[in-house]
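[1] Test case, fold it:
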Amino acid sequence: LYNGTGNTAAQAMGSGKEQRRTFTLSNGEVIWDLAGNIFEWTDWSLGSALASGPTTCTGAWTEFPSVSCGALAAADYMPGNPAGVVAANYNTNYGLGRLYGGAGGAALRGGAWSYGADASAFALLLFYGPSSVRTDFGFRCVYRP
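    Sure thing, here's the model as predicted:
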């Protein structure tokens, strides 16, 4: 449970074991397990019916700036460009993870600890189909007003 966090289960809550499991937003709200320890199923198209992701991307781990996948545009999978960072330099050095293409059609984000630098909040896995089941797949509930 605490693999790679620098903490142990013997520590009481509030003594530090939650330190690497949270991300504090600029408004002060806290998100727990943002990059989690699983890939999380995501909807490819926000605000519409559930849609499949692209199925023509190369089935290999690829750094984000090097992705070549038909009509897939960088805006479809990359975060907004923070000040001072050239979008072409986005890669695992910034903790963004990588993209793994394939013909599965499902879009998974995140990644388990065993994926190392390939995993992150922005990592994108397109290899599996929506009926695939693995112990490192999960989901995050999201409220859409």
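
[2] Could you use CA atoms for every contact and neighbour count after this?
    Fine.

[3] OK, contacts around L124?
    Y77, G97, R98, L99, Y100, A107, L108, R109, G110 (CA atoms under 8 Å, 6 or more residues apart in numbering).

[4] pretty sure it is in a helix, no?
    No. Using DSSP: H, G, I helix; E, B strand; the rest coil, the secondary structure at L124 is strand, not a helix.

[5] so what's it bridging to?
    For L124, the beta-bridge partners are L99, R109 (DSSP bridges).

[6] thinking again about what came up before, buried among the contacts of L124? Make that a ChimeraX selection.
    With 16 or more other CA atoms under 10 Å as the burial test, the buried ones among these are selected in ChimeraX as follows:
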select :97,98,99,100,107,108,109,110
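
[7] how much space between the nearest residue to S52 once chain neighbours are set aside and L25?
    Distances taken as CA to CA, 6 or more residues apart in numbering put G105 closest to S52, at 4.9 Å, once the chain neighbours are dropped. Remark: distance between G105 and L25 (CA to CA, to the nearest Å) = 31 Å.

[8] Strands along this protein, start to end?
    In the chain, strands defined by DSSP state E lie at 22-24, 30-32, 39-42, 61-62, 99-100, 107-110, 120-125, 137-139, listed in chain order.
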